[in-house]
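J.: my questions are about this predicted structure, shown below with the sequence.
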Amino acid sequence: MSWEPKPISYASKESFYKELLTEFQAIQDFNWIADCANLSALLYFHLPKINWAGFYFMNDSKTELILGPFQGQVACVRIPIGKGVCGTAALRQTTQLVPDVHEFPGHIACDSRSRSEVVIPLIRAGEVLGVLDLDSPEVNRFDSTDTRYLEELAQQLLKPQPAGSDKK
């Protein structure tokens, strides 16, 4: 498959995210690692004012998150459940929208340039599989529109392969 990135206008967040979802659906292969890698690249390539986009996956013992596919600076490899923004999202099973990470108790600074963060837990059948994490060097970079559409992208990522699909 050949995919050529096209610029997506950010004039309207709603339109931007709808187009981004359409792009992700067009390239989604229903292979967990490949789709996480491509989604992190789509987000990093298209979303303005971010410095990291990627995934952490739950380990087998359910005690920590392990670094998965991402775009950006070298990142923390392991995050204990309940620690930092990612570990908190996994523990609480709720999206964490942090306007200023320096004000988040126990924030784990993988990149000292990051100032705001949004983390979406990836939950299937009540089980946390991991988290989608986005960082920005700007305070208050993310808002409720970002979280709503990032949650929608996460739900698309978690969808099972359609019956009768020829994708492998």
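T.: Good, I have the coordinates. Residues are numbered from 1 along each chain as shown.

J.: so which residue is dead centre in this protein?
T.: When CA atoms, centre = their mean is applied to the chain, the residue found nearest the centroid is Leu132 (2.6 Å).

J.: show me what that one bridges to in the sheet.
T.: Phe55, Ile120 (DSSP bridges).

J.: check the gap between it and Glu4 for me.
T.: Counting by CB to CB, to the nearest Å, the gap from Leu132 to Glu4 is 24 Å. Quick note: C-beta positions are derived from backbone N, CA and C, even for glycine.

J.: same thing with Val74?
T.: From Val74 across to Glu4, the span is 28 Å (CB to CB).

J.: the more surrounded of these two?
T.: With other CB atoms under 10 Å as the criterion, Val74 and Glu4 differ in neighbour count, and Val74 comes out ahead with 10 against 4.

J.: so the nearest residue to that one once chain neighbours are set aside is in which element?
T.: Spatial nearest neighbour of Val74, chain neighbours left out: Cys110 (7.8 Å); criterion: CB to CB, 6 or more residues apart in numbering. Using DSSP states H and E, Cys110 sits within no helix or strand.

J.: okay, now Cys110: neighbour count?
T.: Neighbour count of Cys110, defined by other CB under 10 Å: 19.

J.: just the pLDDT for it.
T.: Per-residue pLDDT puts Cys110 at 83.

J.: so it versus Phe70, what's the distance?
T.: Distance, Cys110 to Phe70, by CB to CB: 10 Å.

J.: mind listing the shared neighbours of the two?
T.: Common neighbours of Cys110 and Phe70 are listed as Trp52 (criterion: CB atoms under 8 Å, 6 or more residues apart in numbering).

J.: for Leu134, give me its contacts.
T.: Leu43, Leu47, Ile50, Trp52, Ala53, Glu117, Val118, Val119, Phe142, Asp146, Leu150.

J.: how far away is the closest residue in space to the fourth one that isn't next to it in sequence from Gly130?
T.: Spelled out, it's Trp52. Distances taken as CB to CB, 6+ apart place Gly72 nearest to Trp52, at 3.4 Å, with adjacent residues excluded. Using CB to CB, Gly72 is found at 17 Å from Gly130.

J.: much appreciated, bye for now.
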